[in-house]
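**Q** sequence first, then the predicted structure:
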Amino acid sequence: MHTPSNPFTDDDALHVQEDGGLLVDGGKITASGDFATLRTEYPEATITDLRGGVLLPGFIDTHVHYPQVRIIGGLGMPLLDWLDHVTLPEEARLSSDTYARAVARDFLHGLRCNGTTTALVFGSHYRSAVDVFFEEAAQTGLRTVAGQVVSDRMLRDELHTTPELAYSEGKALIERWHGVGRARYAVTPRFSLSASEGILDACAALMHEFPDVHFTSHINENVREVQTVKELFPGSLDYLDTYDRAGLLGRRSVLAHSVHTTDRELGQMAAHHCTAAHCPCSNSALGSGLFPLKRHLNAGVHVSMGTDVGGGTGFSMLKEGLQAYFMQQLLGEGGLPLTPAHLLYLSTRAGAQALDMQDQIGDFGVGKAFDAVWLRPPEGSTLDAILNHATSSSETLAALFANGTQADVARVWVGGDEVFARAGFKGSEVVQKQPPELVS
Ligand SMILES: O=c1[nH]c(=O)c2nc[nH]c2[nH]1
Ligand SMILES: [Zn+2]
């Protein structure tokens, strides 16, 4: 199942192939269709038999923090208290490269064992911890867009930098990592609350010098945060304007949360072709608010989804999709009822568009990389029972979002390379050189 078009504008966006096949060559999809037909057309192809499960495009998480994997679950606080008491003390520990490497491994494992194949990752405030992250990411084969987080006020001294250092360290990281293997760079001021105009200008200088890097930050997440930003930037029209004036907004800009965004800001986000990364579990856990999805879409703002680990509650994009659905239900008249096709789109293709990678990933179209997650619930599990009795593909997809967890992720590929296999599903036992006799 995949969504090669946008279900918010196309009622037939969900494509389902029962007993389908994908021909993969050099990591890319070169043909697709009915399995029996493909088997006749390509008799020499090695077959990976994925019956008994559902194959989806790999999930694309467009907002997630690498230093926060070990503090997931700090419930009971609003954003600014949670940052002070839980998050920033942990982020300061990444001054140690040894600690940072262990955290990076935990983080990357969390992504791939949940079926996430591409992520836009908030890095560390420490340059060396960002190097460590990219080194470890290269080992896993995941696609990562990541950057050094920069701030020069309101956090803790050891996490602050200067505009000059932000520029020089950012430049060195871009030159070392951007476009190397599956890594890309994102210029990442933490949020305007912790950034002077000088830091935002340093970020803009990097983006001017390297026009194909990405930009990401937070926006309009929490009412107290929004008020403080207003006081800190008296010359700006609103929160978005603090980034806009610095020249940071464009097609590759992803702004996380956007819960309390005004109509003026939405109009400007659309005009700049920015993406809002909706993080429903984080918004629920930190009590930030209910994301106005309908207003974003009506204004023409592109929306993707992120887990926001560790404000969010885990790496599962299935859980995130379900929470997005819940929040729209809770909004009543103001909400947008979401179908399983919307949830799949938000978890996959919408993320590819946010990263301007829609020509390479996000669906199973011919020419795309084979980035995929095979969901196969353990035999005897509740989800297994539900899927065995589902009467339509839409029911199957809804059940995956409502019940699916990490335990249901059996195999994951990026560019045709297997990056995760659950115990018992390691490649060789289901790959056969000769086509098996089909068993109905
Ligand atoms: O959810 C969030 N997590 C963070 O780490 C953060 N920093 C600034 N604003 C933030 N919001
Ligand atoms: Zn965040």
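**A** Received the coordinates, thanks. Numbers count the residues shown, from 1 in each chain. Ligands and ions are numbered 1, 2, ... in the order given.

**Q** need the longest helix for the protein.
**A** If you go by DSSP state H, the chain has its longest helix at helix 97-113.

**Q** next SSE downstream of that one?
**A** strand 116-122 (DSSP states H and E).

**Q** okay, strands next: where are they in the stretch 1-150 of the chain?
**A** Along the stretch 1-150 of the chain, counting by DSSP state E, counting those that start in this stretch, strands occupy 20-25, 28-34, 47-48, 54-57, 59-65, 116-122, 143-147, 149-150.

**Q** what comes up buried for the first one?
**A** Using 16 or more other C-beta atoms under 10 Å as the burial criterion, the residues of strand 20-25 that qualify are Gly20, Gly21, Leu22, Leu23, Val24. C-beta: built from backbone N, CA, C; applies to glycine.

**Q** how many residues are close by the closest residue to the fourth one other than its chain neighbours?
**A** It stands for Leu23. Closest residue in space to Leu23, ignoring its immediate chain neighbours: Ala31 at 3.9 Å, by C-beta to C-beta, 6 or more residues apart in numbering. Using other C-beta atoms under 10 Å, Ala31 is surrounded by 15 other residues.

**Q** now do the contacts for Gly123.
**A** With contact set as C-beta atoms under 8 Å, 6 or more residues apart in numbering, Gly123 has these partners: Tyr66, Pro67, Ala129, Val130, Phe133, Ala146, Gly147, Gln148, Val149, Thr188.

**Q** how many other residues sit next to the last one?
**A** By other C-beta under 10 Å, the residues close to Thr188 number 27.

**Q** contacts only, for the nearest residue to Gly74 once chain neighbours are set aside.
**A** Closest residue to Gly74 apart from its sequence neighbours, by C-beta to C-beta, 6+ apart: Val86 at 4.0 Å. Applying C-beta under 8 Å, 6+ apart to Val86 gives the contacts Ile71, Gly74, Met77.

**Q** list the contacts of the first one.
**A** Counting by C-beta under 8 Å, 6+ apart, Ile71 makes contact with Val86, Thr87, Glu90, Gly310.

**Q** where's the last one, which helix or strand?
**A** For Gly310, there is no enclosing helix or strand under DSSP H and E.

**Q** picking up where we left off before, let me see the confidence value for the residue nearest to Gly74.
**A** We have a pLDDT of 97 for Val86.

**Q** state the distance from the residue nearest to Leu23 to Ile361.
**A** 18 Å (C-beta to C-beta, to the nearest Å).

**Q** make sure the residue nearest to Leu23 is actually in contact with Thr40.
**A** No. Assessed by C-beta atoms under 8 Å, Ala31 is found out of contact with Thr40, at 11.9 Å.

**Q** for ligand 1, what's its nearest residue on the stretch 201-350 of the chain.
**A** Of all residues in the stretch 201-350 of the chain, Gly311 sits closest to ligand 1, at 3.5 Å by C-beta to the nearest ligand atom.

**Q** my read is that Lys23 contacts Leu38, right?
**A** Heads up, residue 23 is Leu, not Lys. Yes. Between Leu23 and Leu38 there is a contact under C-beta under 8 Å: 6.0 Å.

**Q** give me the common contacts of these two.
**A** Common contacts of Leu23 and Leu38 (C-beta under 8 Å, 6+ apart): Ala31, Ser32, Ala45.

**Q** ligand 1: which of those is nearest?
**A** Using C-beta to the nearest ligand atom, these come closest to ligand 1 at Ser32, 38.0 Å.

**Q** compute the distance between the closest one and Thr396, please.
**A** 19 Å.

**Q** same deal with Gly404?
**A** 11 Å.

**Q** which one of those two is surrounded by more residues?
**A** More neighbours surround Gly404 than the other of Gly404 and Thr396, with 24 against 17 (other C-beta under 10 Å).

**Q** which residue sits closest to that one, ignoring its sequence neighbours?
**A** Closest to Gly404 by C-beta to C-beta, 6+ apart is Leu318, at 4.1 Å.

**Q** okay, the one you found: pLDDT?
**A** Note on Leu318: pLDDT of 98.

**Q** remind me which helix or strand His218 belongs to.
**A** strand 214-219.

**Q** looking at the strands of the stretch 1-150 of the chain, which is nearest to ligand 1?
**A** Proximity to ligand 1 (C-beta to the nearest ligand atom) singles out strand 59-65 among those, at 5.4 Å.

**Q** and the closest one, what other elements does it pack with?
**A** In this structure, strand 59-65 makes packing contacts with strand 116-122, strand 253-257, strand 275-278, strand 302-305, helix 317-330, helix 349-354, judged by 3 or more C-beta pairs under 8 Å, 6 or more residues apart in numbering; DSSP states H and E.

**Q** go through those and name the closest to ligand 2.
**A** Nearest to ligand 2 among the helices and strands packed on strand 59-65 is strand 253-257 (4.9 Å), distances taken as C-beta to the ion.

**Q** skip ahead from the closest one and say which helix or strand is next.
**A** Strand 253-257 is succeeded, C-terminally, by helix 263-271 (DSSP H and E).

**Q** how about residues contacting that following helix?
**A** By C-beta under 8 Å, 6+ apart, helix 263-271 touches 219-220, 237-241, 244, 249, 255, 258, 261, 276, 295-296, 299-301.

**Q** skip the chain neighbours and tell me the closest residue to the residue of the stretch 201-350 of the chain closest to ligand 1.
**A** Closest residue to Gly311 apart from its sequence neighbours, by C-beta to C-beta, 6+ apart: Ser282 at 3.8 Å.

**Q** which one is the most centrally placed residue in the chain nearest to, not counting chain neighbours?
**A** Among the residues of the chain, the one closest to the centroid is Asp61, at 1.0 Å (C-alpha atoms, centre = their mean). Once flanking residues are discounted, Asp61 sits nearest to Ala119: 4.4 Å by C-beta to C-beta, 6+ apart.
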